[in-house]
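Colleague: curious how this folds, go ahead:
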Amino acid sequence: MKLPYFLIDAFTDQAFTGNPAAVYVLNAPLSDVLMQKIAAEMNLSETAFVLQDRNATRLRWFTPTTEVDLCGHATLASAHALFTAIDQPQRGVITFDSASGALTCEQTPAGIRLDFPATPPSPMPTDADICKQLGVTDPIYFGRSKFDYLIHLSREEDVLGLAPNFSALAGIATRGFIVTAEANAPDLDFVSRFFAPATGVNEDPVTGSAHCCLGPYWARHLNKPALQAAQRSQRGGSLAVEVVADRVLLTGRAILVGRGELLL
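Modeller: Numbering: from 1, shown residues only. Sure thing, here's the model as predicted:
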């Protein structure tokens, strides 16, 4: 059996930046076990599987070690594949059926706009051990969303300088840790980094789903619903974030950098 796939860099328009994802557009279902093995073989932060049938376009996401309930960059990559890379490209709007409900992806002049559920954080007492393992001191805010911890630091330089203890963080029961600060650049509102060692991803290059938490937080903190964001990983990437009621609109670009076949 031959399974074609696309390798797409998401939240960027330049190859070898942003967040890479493998996208498999399937003609027939695969078992959960096989999809997880394929994701481990690809060894990217996310591998996406798209299955189209008469009733829906289904989307699932796997890290090298586990399936996740929501992934922004692999959704963007999947939409980009269906809009531009398959033999009969779709146009306009795609709605994926996912573990997080219906996710609409729309082509716009600024890129592909993803309509995602908001996952705002709730404040909680600062966890000294988490701060220690992240290398954080004196956070402005410490909270948690449905998926992740959120820590707001006073300076962008503090975010950039973090060197977390990934082995210790992997033992904490959460999907990941978002660390953020107000941006220095005048054309940006905030920056962030995202660490998820428990899911097999020490640092994710650009995390769309983390901005479902960051968007509501910064919209409230800065009193503006439309924001420009950058994730300050080694690869780096950027996106526009707009909060509309209980939804977050994430707009970014993607680029096809390769394609191939998995032989089974």
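
Colleague: report the buried residues of the helix or strand harbouring Ile130.
Modeller: Counting by DSSP states H and E, the element that carries Ile130 is helix 128-134. Residues of helix 128-134 classed as buried: Ile130, Cys131, Gln133, Leu134 (neighbour count, 16 or more other Cβ atoms under 10 Å). Every C-beta, even on glycine, is put in place using the N, C-alpha and C of the backbone.

Colleague: the second one is in contact with His152, isn't it?
Modeller: Translated: Cys131. No - applying Cβ atoms under 8 Å, one finds Cys131 not in contact with His152, separated by 12.0 Å.

Colleague: residues in contact with both of the two, list them for me.
Modeller: Counting by Cβ atoms under 8 Å, 6 or more residues apart in numbering, the shared contacts of Cys131 and His152 are Pro139, Phe142.

Colleague: Ala181 touches Leu162, doesn't it?
Modeller: No - if you go by Cβ under 8 Å, Ala181 and Leu162 don't touch, sitting 10.6 Å apart.

Colleague: these two - which one has more neighbours?
Modeller: Shown here are Ala181 and Leu162; by other Cβ atoms under 10 Å, Ala181 has more neighbours (22 against 17).

Colleague: packing partners of the helix holding Ile130?
Modeller: Judged by 3 or more Cβ pairs under 8 Å, 6 or more residues apart in numbering; DSSP states H and E, helix 128-134 is in contact with strand 148-152, helix 166-169, strand 176-182.

Colleague: state the mean pLDDT of that helix.
Modeller: For helix 128-134, the mean pLDDT works out to 98.

Colleague: repeat that for stretch 46-57.
Modeller: 92.

Colleague: which parts of that stretch are buried?
Modeller: With the criterion 16+ other Cβ under 10 Å, stretch 46-57 contains buried residues Glu46, Thr47, Ala48, Phe49, Val50, Leu51, Gln52, Thr57.

Colleague: where along this structure do the helices fall?
Modeller: 32-42, 72-80, 128-134, 156-160, 166-169, 211-222 (DSSP state H).

Colleague: how's this structure carved up into domains?
Modeller: What automatic domain parsing lists as the domains of the chain is 2-117+251-263, 122-244.
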